[in-house]
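Visitor: Would you be able to build a 3D model of this:
(one chain, ligands or ions: 2)
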Amino acid sequence: MSSKIPVSEADRLLQSHVHPAPSVRCPLEKAAGRVLREEVRADRDLPPFDRCMLDGYAVRAAEAEPGAIFTIAARIHAGEDTAPLPAPRLSALEIMTGSSLPPGADAVIPYESTTSLGDNQFRFEESAPLSPEDGVHRQASDYPKGTPLLSAGSLLGPVEVGIAASCGYAEPLCSQLPRIAIFGTGDELVPVQASPGPTQIRRSNLYVIENALASAGFPAGLVSHLSDDIRTQEQILACAIAENDLVIISGAVSRGKRDRIPEALDQQGQRIFHGVSQRPGKPMGFWTKRNRTAIFGLPGNPVSTLIATHRYVIPFLLACAGAANPSRPTVETTDTVPPHPDLTRFLPFQFTPEGKARLQPTNNSGDYARLANSAGFLEIPAQSGNTAPLTSFSYQLWQR
Ligand SMILES: Nc1nc2c(c(=O)[nH]1)N[C@H]1C(S)=C(S)[C@@H](COP(=O)(O)OP(=O)(O)OC[C@H]3O[C@@H](n4cnc5c(N)ncnc54)[C@H](O)[C@@H]3O)O[C@H]1N2
Ligand code: MOO
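Guide: Ligands and ions are numbered 1, 2, ... in the order given. Presented below is the predicted three-dimensional model:
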């Protein structure tokens with residue numbers, strides 16, 4: 001391992017190797033999870049017409065005294081053209097939620113505030129008079145036509161997809177998905193379905209990385225396990241590096257006799273760094289091939305792999321996709337965390353009912369089972385910490 005670099009330097013080096021992904025038109029039904037690469041504007045006023053918000057009757061509010069008896073002139077369904085409210089006093093038009101407010105009317109009486117007096121009449125039953133605008137969602141009261149509603153760099157979740165749909169963006173411009181390959185390593189690791197021998201364990205990291213990436217909107221095309229044979233590793237990695245934008249290898253990046261992934265990657269690409277002053281995840285490394293394929297070597301310990309995927313790999317993918325820089329939230333911790341002179345620490349935590357962070361330490365970075373029910377991890381920079389509880393630290397959640 002080369003000499004370790006601080007976390008801030010690892011961030012800077014990764015940032016300098018971000019290559020923006022191309023933009024492509026993406027059908028809206030497939031756009032969830034992608035990064036938007038264009039501005040979405042309101043193509044009409046929002047709402048586009050004076051919208052009735054209740055099922056009931058459109059009237060002139062000034063005529064709706066308690067006990068007033070109205071005559072229903074006609075019925076108008078949502079989507080139908082609207083006739084004006086007839087001029088005679090105490091006229092009403094029966095409307096539906098979503099109908100356009102008839103010209104001449106300025107308020108809606110809901111059915112619940114009336115008693116029907118046969119087919120064509122009802123009595124207004126409220127004790128307080130109706131006010132103009134009651135039950136009406138006025139045209140452009142949310143946003144006028146042309147207003148920018150989403151900026152390039154937004155992540156397309158359900159809210160954003162709904163806004164894009166309502167503004168007619170059937171195929172918004174999005175970032176192209178990167179081609180991703182994920183590999184695990186280690187001959188002691190057996191498939192999940194297998195019964196492990198006494199010194200074997202099941203492969204879990206592949207599932208962890210694949211799931212974390214998929215949840216962040218980056219499905220992997222290839223997920224596979226490498227044997228510890230260096231020649232096989234070299235051949236498979238060479239193909240994967242040629243065919244993908246991002247390659248992630250979990251394990252075999254430390255100092256063991258079979259930890260030859262760094263050596264193999266040095267042959268195939270350019271080492272940017274190997275070794276970061278952090279816990280867990282010290283032996284993490286990053287390589288590139290002709291500045292085109294990005295290659296992460298993540299430490300094999302499951303907690304290290306999980307944290308490094310969230311702390312480095314997903315932010316790198318989001319930056320390549322053109323995502324706006326996320327603001328880093330902070331939370332007060334209920335624990336004391338004495339400063340460490342040179343390691344940045346990533347500490348799993350759970351939220352207390354009061355919204356503070358209670359540390360949920362693992363025994364070591366192989367103790368993944370103790371992460372159950374944790375929310376994510378706090379980041380305590382080197383030399384930071386606290387001697388009293390309720391200091392704020394930035395945090396990251398396992399789920400966005
Ligand atoms: N002499 C030193 N030894 C170690 C150092 C060091 O600095 N000097 N660093 C330690 C640290 S920190 C870590 S983290 C690990 C990382 O080692 P590797 O990346 O080489 O990972 P492996 O040795 O292959 O595996 C570590 C551990 O994790 C288990 N593992 C690996 N892959 C998976 C998987 N897909 N699913 C589940 N579990 C997995 C593996 O069986 C090992 O128990 O090195 C320390 N050693
Ligand atoms: O720093 Mo290693 O990633 O703890 O186990």
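
Visitor: Get me the contact residues on the stretch 251-400 of the chain for ligand 2.
Guide: Proximity of the stretch 251-400 of the chain to ligand 2 (C-beta under 6 Å from any ligand atom) is limited to residues Arg279, Pro280, Gly281, Lys282, Pro299, Asn301, Ser304, Ser365. (C-beta placed from N, C-alpha, C; glycine too.)

Visitor: Look at the fifth one and say how many residues are nearby.
Guide: For Pro299, the number of neighbouring residues by other C-beta atoms under 10 Å comes to 25.

Visitor: Quick check: closest non-adjacent residue to it.
Guide: The spatial neighbour of Pro299 that comes closest, neighbours along the chain excluded (C-beta to C-beta, 6 or more residues apart in numbering), is Pro283 at 4.8 Å.

Visitor: Hmm, that neighbour is touching Val253, no?
Guide: Yes - applying C-beta atoms under 8 Å as the test, Pro283 and Val253 come out as touching, 4.8 Å apart.

Visitor: which residues are in contact with both of these two?
Guide: Residues touching both Pro283 and Val253 by C-beta atoms under 8 Å, 6 or more residues apart in numbering: His274, Gly297, Pro299.

Visitor: so who does the last one touch?
Guide: Yep, that's Pro299 we're talking about. Here Pro299 is in contact with Ser250, Gly251, Val253, Ser254, Pro280, Gly281, Lys282, Pro283, Met284, Thr305, Ala308, Ser365 (C-beta under 8 Å, 6+ apart).

Visitor: separation between it and Ser131?
Guide: Applying C-beta to C-beta, to the nearest Å, the value for Pro299 to Ser131 is 65 Å.

Visitor: likewise the first one?
Guide: Using C-beta to C-beta, we find His274 at a distance of 70 Å from Ser131.

Visitor: before we move on, what about Ile5?
Guide: The value you get for Ile5 to Ser131, if C-beta to C-beta is used, is 66 Å.

Visitor: So those two - more neighbours on which side?
Guide: Ile5 (18 against 12).

Visitor: Was I right to think that one contacts Val276?
Guide: Yes - here Ile5 lies in contact with Val276, judged by C-beta under 8 Å, at a distance of 6.0 Å.

Visitor: How about the contacts made by Arg123?
Guide: Arg123 makes contact with Gly67, Ala68, Ile69, Phe70, Thr114, Thr115, Leu117 under the criterion C-beta under 8 Å, 6+ apart.

Visitor: On the strand side of things, show who it bridges to.
Guide: Assessed by DSSP bridges, Arg123 has beta-bridge partners Ile69, Thr115.

Visitor: Check what pLDDT it gets.
Guide: Model confidence at Arg123, expressed as pLDDT, equals 98.

Visitor: Distance-wise, check the closest residue to Arg41 other than its chain neighbours relative to ligand 1.
Guide: Once flanking residues are discounted, Arg41 sits nearest to Pro148: 5.3 Å by C-beta to C-beta, 6+ apart. Pro148 sits 45 Å away from ligand 1, taking C-beta to the nearest ligand atom, to the nearest Å as the criterion.
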